[in-house]
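[1] Structure, please.
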Amino acid sequence: MVVIEEKRTYFTVPFEDELDHLGLRITRVGTTRTLPEYRKVSIGAGDHTLLFVRTGKGFVESGGRLTDFSAGDVVVMQQGIRCEWWSDPKAPLAHYWIGIAGAGCPGILRRLGVAQEVQVLRREALPPAELEAFESMIRLLRTRPPHFLWKLYALFFDLCRSVASTTATTSPEGRDRVDPELIKRFIEANYAEPISVGEIAKTFGMTPNFLSQYFRQSFGLTPYAYLVSVRMERARELLKEGRSVKETSLSVGYADPNYFSRLFRKKTGCPPSAVAESASGPMEPDSRNMEPPNGLANEAHEDAEPRNETSRESKWTKDLEHVTS
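    Numbering: from 1, shown residues only. As a prediction, this is how the structure comes out:
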């Protein structure tokens, strides 16, 4: 495969320049202006790539799925995923790109609304602030003044904040494009995090009520009910492996072991401590028991956890809030 470009400027960041306490490393930053014949294949071996489209149009293909993108969009290609992308010959691409790696990246991408291995975050145009952020990054990497890393990472978090604030949508068009299986897979991938129905809805550009109706129509139960069923099944597996009730509770997204124990007993009919001796088969989701209070599947009522239940947050999240505040 021949990669055809008109102009390409990029810089790599030394491996030792990682913010260990955040689990994040910026690996490379660059800008590309392509010719009409531009076509590229990537396996994302070393990092996650975020492509910010300045002008033009293009296509990305991964796993047999073809998606178009255009000016303003952000194309996210996750680490380890093979994909191919190319320019529309009638509107060649010009784009910035940044590579990131580290244990904190999945959390960053989730907060940007990324639920697929290759996903296009759609926007009308690239905000001027993002253009300036990329140009500033390139200048920093070209000159590398003293303490430039702090500014580099600050600019990256500025980009994240800008993307998060400009990609959310609740338009009917956005809802119609979402495959319900993607919502299901998102829940399965993030059940261990303290996610709510409201956060899931925001990720897919929906209101909580619409998400619950849409999910129920597809699978016969609400997203909250499915989240609980996934958590309880995983908890049963962990308990049978010899994990403590407290450790299991934290591992499936519940900060309060007492609340977890009550919920587990309610859904399975036995306390967590009895599971190791239990020979019962896999649990089936019971949508009647898993409904939110009053049957309302919105952000304020998507589960029955006590008001004082404190969500468990990772060390990475707390450090991220400290750096970006």
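
[2] So, low pLDDT: which residues of the protein?
    Counting by pLDDT under 70, the low-confidence segments of the chain come to 1-11, 13-21, 44, 168-178, 276-325.

[3] For it, just list every one of the strands.
    5-12, 25-34, 39-42, 48-55, 57-62, 65-70, 74-77, 83-87, 94-101, 118-121 (DSSP state E).

[4] Save these as a markdown table, and put in distance to M232 and mean neighbour count too.
    C-beta coordinates here come from the backbone N, C-alpha and C atoms, glycine included. A markdown table is the format used below for the strands of the chain (distance: least, Cβ to Cβ, whole Å; neighbours: other Cβ atoms under 10 Å):
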| stretch | distance to M232 | mean neighbour count |
| --- | --- | --- |
| strand 5-12 | 45 | 13 |
| strand 25-34 | 36 | 20 |
| strand 39-42 | 38 | 15 |
| strand 48-55 | 31 | 21 |
| strand 57-62 | 33 | 19 |
| strand 65-70 | 32 | 15 |
| strand 74-77 | 31 | 24 |
| strand 83-87 | 35 | 21 |
| strand 94-101 | 34 | 21 |
| strand 118-121 | 29 | 21 |
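
[5] And the helices in the stretch 151-300 of the chain?
    Secondary structure of the stretch 151-300 of the chain by DSSP state H, counting those that start in this stretch: the helices cover 172-176, 180-190, 197-203, 208-219, 223-240, 245-251, 257-268.

[6] Of all those helices, which one is nearest I43?
    The minimum distance between I43 and those falls on helix 180-190, with 20.7 Å, by Cβ to Cβ.

[7] quick revisit: now render the helices of the stretch 151-300 of the chain as JSON lines, adding distance to H48.
    Below are those laid out as JSON lines (distance: least, Cβ to Cβ, whole Å):
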{"stretch": "helix 172-176", "distance to H48": "23"}
{"stretch": "helix 180-190", "distance to H48": "15"}
{"stretch": "helix 197-203", "distance to H48": "17"}
{"stretch": "helix 208-219", "distance to H48": "26"}
{"stretch": "helix 223-240", "distance to H48": "25"}
{"stretch": "helix 245-251", "distance to H48": "25"}
{"stretch": "helix 257-268", "distance to H48": "32"}
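
[8] could you dump those to JSON lines with mean neighbour count?
    Output for the helices of the stretch 151-300 of the chain, formatted as JSON lines (neighbours: other Cβ atoms under 10 Å):
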{"stretch": "helix 172-176", "mean neighbour count": "12"}
{"stretch": "helix 180-190", "mean neighbour count": "16"}
{"stretch": "helix 197-203", "mean neighbour count": "21"}
{"stretch": "helix 208-219", "mean neighbour count": "19"}
{"stretch": "helix 223-240", "mean neighbour count": "22"}
{"stretch": "helix 245-251", "mean neighbour count": "18"}
{"stretch": "helix 257-268", "mean neighbour count": "18"}
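
[9] Figure out which of the ones you listed is closest to E84.
    Among those, helix 180-190 sits nearest to E84 (Cβ to Cβ), with 20.7 Å.

[10] which helices and strands does that closest one pack with?
    helix 197-203, helix 208-219, helix 223-240 (3 or more Cβ pairs under 8 Å, 6 or more residues apart in numbering; DSSP states H and E).

[11] The helices of the stretch 151-300 of the chain: which one's closest to I98?
    helix 197-203 (21.1 Å).

[12] Please name every helix or strand in contact with the closest one.
    By 3+ Cβ pairs under 8 Å, 6+ apart, helix 197-203 packs against helix 180-190, helix 208-219, helix 223-240.

[13] I'd like the ones you listed as CSV, with distance to G64 appended.
    Shown next, in CSV, are these (distance: least, Cβ to Cβ, whole Å):
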stretch, distance to G64
helix 180-190, 14
helix 208-219, 22
helix 223-240, 26
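
[14] Setting aside sequence neighbours, what's the nearest residue to Y226?
    I187 (5.8 Å; Cβ to Cβ, 6 or more residues apart in numbering).

[15] swap that for E193, please
    G253 (6.0 Å).

[16] ok, now which ones touch that neighbour?
    Residues in contact with G253 (Cβ atoms under 8 Å, 6 or more residues apart in numbering) are Y191, A192, E193, P194, I195, R231, R312.
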